[in-house]
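Novice: requesting a structural model of the entry that follows:
(4 chains)
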There are 4 protein chains.
Amino acid sequence: MRIGVLTGGGDCPGLNAVIRAVVKTAIHQYNDEVVGIKDGFSGLIHNHTFALDLDKVSGIMPRGGTILGSSNRDNPFAFSQTVDGKRVEKDVSSVVVDNYNLNKLDCLIVIGGDGTLDIAHKLSAKGLKIIGIPKTIDNDLSATDTTFGHDTAIGTVMDALDKIHTTAESHHRVMVVEVMGRDAGWISIAAGIAGGGHIILIPEIPFEIGKIAETIYQRKARGKHFTVVVVAEGATPKGGDRTIKRIVEESSEKVRLGGVGEMVARELESITGLEARTTVLGHIQRGGSPSAFDRILATRYGASAVFHAHEGDYDHMVALRTPEIVAIPLEKALHQMKRVPLEGSHVVTARRVGISFGD
Amino acid sequence: MRIGVLTGGGDCPGLNAVIRAVVKTAIHQYNDEVVGIKDGFSGLIHNHTFALDLDKVSGIMPRGGTILGSSNRDNPFAFSQTVDGKRVEKDVSSVVVDNYNLNKLDCLIVIGGDGTLDIAHKLSAKGLKIIGIPKTIDNDLSATDTTFGHDTAIGTVMDALDKIHTTAESHHRVMVVEVMGRDAGWISIAAGIAGGGHIILIPEIPFEIGKIAETIYQRKARGKHFTVVVVAEGATPKGGDRTIKRIVEESSEKVRLGGVGEMVARELESITGLEARTTVLGHIQRGGSPSAFDRILATRYGASAVFHAHEGDYDHMVALRTPEIVAIPLEKALHQMKRVPLEGSHVVTARRVGISFGD
Amino acid sequence: MRIGVLTGGGDCPGLNAVIRAVVKTAIHQYNDEVVGIKDGFSGLIHNHTFALDLDKVSGIMPRGGTILGSSNRDNPFAFSQTVDGKRVEKDVSSVVVDNYNLNKLDCLIVIGGDGTLDIAHKLSAKGLKIIGIPKTIDNDLSATDTTFGHDTAIGTVMDALDKIHTTAESHHRVMVVEVMGRDAGWISIAAGIAGGGHIILIPEIPFEIGKIAETIYQRKARGKHFTVVVVAEGATPKGGDRTIKRIVEESSEKVRLGGVGEMVARELESITGLEARTTVLGHIQRGGSPSAFDRILATRYGASAVFHAHEGDYDHMVALRTPEIVAIPLEKALHQMKRVPLEGSHVVTARRVGISFGD
Amino acid sequence: MRIGVLTGGGDCPGLNAVIRAVVKTAIHQYNDEVVGIKDGFSGLIHNHTFALDLDKVSGIMPRGGTILGSSNRDNPFAFSQTVDGKRVEKDVSSVVVDNYNLNKLDCLIVIGGDGTLDIAHKLSAKGLKIIGIPKTIDNDLSATDTTFGHDTAIGTVMDALDKIHTTAESHHRVMVVEVMGRDAGWISIAAGIAGGGHIILIPEIPFEIGKIAETIYQRKARGKHFTVVVVAEGATPKGGDRTIKRIVEESSEKVRLGGVGEMVARELESITGLEARTTVLGHIQRGGSPSAFDRILATRYGASAVFHAHEGDYDHMVALRTPEIVAIPLEKALHQMKRVPLEGSHVVTARRVGISFGD
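Specialist: Numbers count the residues shown, from 1 in each chain, chains lettered A, B, ... in the order given. Sure, this is the predicted structure:
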């Protein structure tokens, strides 16, 4: 078999571990050939490919990023091009099909998020034999129990919280830490519990700034003159909590700059009179050497994808249904958001140990 | 309620996170009082106890060790004492019962391994109301899906393997790394996959030294002049493999010094003529700041133990039955070894990516 | 002798190592008593002190923060108080002198930055016997070769750059990382070299946005479709470079939100058309477990301070004049800024390996 | 210019940073060409070389090992060969000269320890134009203030001590940790101070087992039921201390297995009756991503070596004479051991904070 492999979308620790497992399994188990495709679907549009052998994947597992490169602007069904000085979107999917054939591929393994896998599904309809591997650092995909990169991101945020915790304690500060999670609060709640956060704000639980201030006062009454607030970037105030909402809505630019974390910090300063500082963790959450959990899961995904390619399970993606890796139809897997359940173990545990959600 | 808490047995990352969760849950949720018992059951024999309040557990989650102290030599049913210059074992369990009552405990949370929980079960029979929390860094307890500390230990071993991997590659060496796992190979197989080990030796799969040498030759033939061998301390050669077995049996002292890792390295040197070096990771595997996964699991265990204390589920221990934490009778939980299944995902994945088990 | 010790100003890794060394040296070498003063000079204003013995400093060296607490708003010569509902500044330095005497102190070790040591110097004039220990994470004090905490901060920034580097490379991005350094670029240049930054902007070298864009183009021409830009928070554009300067000057609020890093990223996007992303590392740079270098330097400072207390070198501070620790008069040490020399080894080395300063 | 570069001897964090700096400086500053030589002098014996361009050094700075490979058994003046089934040593230095010329080298940068640089010096006499870069993880070379890799090794040992410290404290153990340092105790004393070791044994200060036991008793008397002993592999008992000396001398094989750490632990167990455990850190000390300090020093060495090549300073090596990098004749630099001075800051500081050297 001749297997192509590409990575699409944002960065995520474990991509190289998946690529390595695909190559090792294909070569050691099946005597396959593997073709690396550069920069996501761009590589199939511009035919940038290369032979991916054991040497090229040697020693790459601990490294962040992807040796294949990635791209966010490469939808073959709406490819952005400049024609006569004007930006137009063109369907170049037939070029992708041509290059797939030109490279004599028997199958294409696509590692990417919802957007990338959606394209993969559409390309399946055009005859490409595709196996998907889900990638979302936010763990917000309901089709799989968890995804690689998520555990590493939680660790990175926890390390940052450990650092900020001692400063907050020594210097009597309210420290607000804004972390990834536009639609789901998985990273913030897990890292928040692990990092000793006192207040955790997630998209699933609208918060009231007054309740947060109340927690801070209660802590102060117990002699704790510091508070660590972990805020998912997608956390939003309750409908009734006009103050913040107004700022967030009215000033789209400010929000781009400052985000919900900065808004929360300012409101808390103005209500409590305490010094509040914000840290936005940003891109470091997508980098770093993957954790053991992520390396193993990524390796399982990669090895299973090759297995399912040989089983002929095309237009499917691999998914963890603990303890198994299964293949499920892309159609059923796409666009199914997984949110933090309000009665699940994370929320219940957090409440038990006295963490407030500002609700 | 007045809840006592103690930690027994060897070190394990996450002990402080459990203690913290017990105290936070007891005080925040139930308005309980918590009594800390020093150095495992010794503290109940010598009545070394102290009030364990929120202040005492503030900031302890990231730290290794246990703020309560631990002890390995404190079995109240066979307590070692010196009488007339002679070492004798005495049953002092009634002293434990007395001190339990003297401290006005309504319940005792015991965090420990199989030995410690076995004592806890026997004390239950003497009337103590006990909730157990399982602790085994080796993850070799079948009653629970996994235990805290294990993920951290895997991470520590993986970090060591990452370091050794680049040296092995640059310097063309066979590097043998001996890791924890007397009866089960969970740490070695997980860290071995995650750390890019080429050969993994676990107690569950007896190895042949010849097969290992063969893998090294095959790698050499592919231009790979180095090999990383991960060996669980409990790994043993196949019955037929006389050479090593003999050395292991005859020289009990040498084995204490060198272990199976050193034995494998020597045999490989003598067979292949290549330089082979051994590293025994030892006690660093039991230390360090717990990973996010371990902190969360430890927090769940601690919070659930207090919950089950209030439910009256005595003579039980908490256990993870993903995604739930449940309470199971100690009687059923004890002495049930969990080994790496030969057809499970770890072994299957390892074989798929070309890892050899020396079999 | 009875020695008081306090920590003032912002957080800095190594504070606990200094405190520990003061206590250990005082007790082991001189049989002194040590008194801990809470929250900087606040503790001498409100008389919050406690006996600081060997037990209290056991195991604190690896921890961030300060077990003594700190404060930024506690200048005894201009102490902020609310009188009749109005905020007034009062000289309470005589209270400090009284409490110094009340605690029967023979000497006071003050660990802090320029502001804190300036107060210490003024208190010396009022009769207090003071030994200062310099603390600046930015390393911008000319009186000493280097300060503790600085090496740890460089390590934290380098780790972040390592993470961002792989993302930038895989995803073809311009990544702008803003780091500490209002007046001096020590952290940015050291971490920038160590973290593989391609462009480093420091306060000492005014930059031109056009030159930065040029470097990005040159890299692109060599097939490098990514660039990592490290920006000290105090970096400023050249006088002639109106565009950014205007934005920075006109929009004080935006700068507070976005900083120079965000400004640079926007300008680069608008000039080059490439995606540019900013990360502001913020408070994590002040936290974390100190590096070996910082622990050793902090230990030397602490031990030497006690030695110089016994020598009677009051109104002095300890300083590193490699390889010696010496005591220098506070008067001479204060307010002497140390900037990155334009012909020094950092700048020369950076230029040699092709790093641009945007000049 | 056409510059060859090779790495020889044992592993050391920072080798890749040196190589990267050589290539970047040579190409960016001087428009030179660089030739990579595989596996130390072996590459010049077997003519294994390749063009080393900017692409090949991209992203290698954070990685352990050396992309050039290394070798310990490649002395061209005594090259081990099998002739007629017999092992003989042959002078193949003229082959090295031939291959140097064949590769049209104008200069050769040799990165290595004392042994490697000794060969380099001898090759200079045969007409090769050589610049040396010193490499010793032990920092035991008097010609330079410090060497790259050393700071990283200290950090690795400190991390291990941090982990072992909490276990020792919680579990009331004597923990003996054996670290690198055959002739000089730099790593053990620096990491011992930074890692909170209570007793540090270095080759420069012969120890008495009885004095160590005494320190353990004194700690016990103060309520400290644990002790961390850091032992350099080259530490030796005082002449009068027969017991250990005898064991060390008589049982060469046992020492190879167990080392001085194990010997100390056993003696302490037999004298004090306390449980003592040994950890031998081994090869992990030579691996890992280099610290910021080491990356910067390595970069300076690499950049300076190219500069001195263009200055014509052959048969010299670069060395740190703080704050400068200078070139010194190899003849003067070789075989000059740097030991820990008994009156230097490390020993003085350690004694001040109460650390015992067992003397």
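
Novice: list the contacts of the residue nearest the centre of chain A.
Specialist: Centre of chain A computed as the mean C-alpha position; nearest residue by C-alpha atoms, centre = their mean is A:I137, 2.1 Å away. A:I137 makes contacts with A:G10, A:C12, A:P13, A:T147, A:G149, A:H150, A:A153, A:M180, A:I187, A:Q285, A:R286, as judged by C-beta atoms under 8 Å, 6 or more residues apart in numbering or on different chains. (Glycine included, C-beta is placed from N, CA and C.)

Novice: recalculate using a threshold of 7 Å.
Specialist: With contact set as C-beta atoms under 7 Å, 6 or more residues apart in numbering or on different chains, A:I137 has these partners: A:C12, A:G149, A:H150, A:A153, A:M180, A:R286.

Novice: since we're on the fifth one, how many residues are nearby?
Specialist: This points to A:M180. Using other C-beta atoms under 10 Å in any protein chain shown, A:M180 has 24 neighbouring residues.

Novice: what is the burial count for the nearest residue to A:L68 once chain neighbours are set aside?
Specialist: The shortest distance from A:L68 to any residue that is not its chain neighbour, by C-beta to C-beta, 6 or more residues apart in numbering or on different chains, is 4.9 Å, and that residue is A:T7. The number of residues packed near A:T7 is 32, by other C-beta under 10 Å.

Novice: can you check the pLDDT for A:T7?
Specialist: Each residue has a pLDDT score; the one for A:T7 is 98.

Novice: assumed A:I3 was part of a strand.
Specialist: Yes - note on A:I3: a strand contains this position according to DSSP: H, G, I helix; E, B strand; the rest coil.

Novice: and for A:S142, the neighbour number?
Specialist: Neighbourhood size, A:S142 [other C-beta under 10 Å]: 13.

Novice: residues contacting it?
Specialist: The neighbourhood of A:S142, defined by C-beta under 7 Å, 6+ apart, consists of A:Q336, A:M337, A:K338.

Novice: quick one: residues contacting the last one.
Specialist: It refers to A:K338. The neighbourhood of A:K338, defined by C-beta under 7 Å, 6+ apart, consists of A:D140, A:L141, A:S142, A:A184.

Novice: tell me how far the residue nearest to A:L68 lies from B:Y217.
Specialist: Summarising the geometry, the distance separating A:T7 from B:Y217, computed by C-beta to C-beta, to the nearest Å, is 34 Å.

Novice: got the CA coordinates for stretch A:55-67 in CSV?
Specialist: Extracted C-alpha coordinates of stretch A:55-67, given in CSV (Å, rounded to 0.1, in the frame of the first residue of the first chain):
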residue,chain,number,x,y,z
ASP,A,55,15.0,7.8,9.2
LYS,A,56,12.7,10.9,8.9
VAL,A,57,10.7,10.0,11.9
SER,A,58,13.6,8.9,14.1
GLY,A,59,13.7,10.9,17.3
ILE,A,60,10.7,13.2,16.5
MET,A,61,8.3,11.9,19.2
PRO,A,62,9.4,14.3,21.9
ARG,A,63,9.2,17.4,19.7
GLY,A,64,6.4,19.9,19.4
GLY,A,65,5.0,21.0,16.1
THR,A,66,4.7,18.7,13.0
ILE,A,67,7.5,17.8,10.7
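
Novice: just checking, A:S80 touches A:E89?
Specialist: Yes - because the distance of 5.7 Å satisfies C-beta atoms under 7 Å, A:S80 is recorded as touching A:E89.
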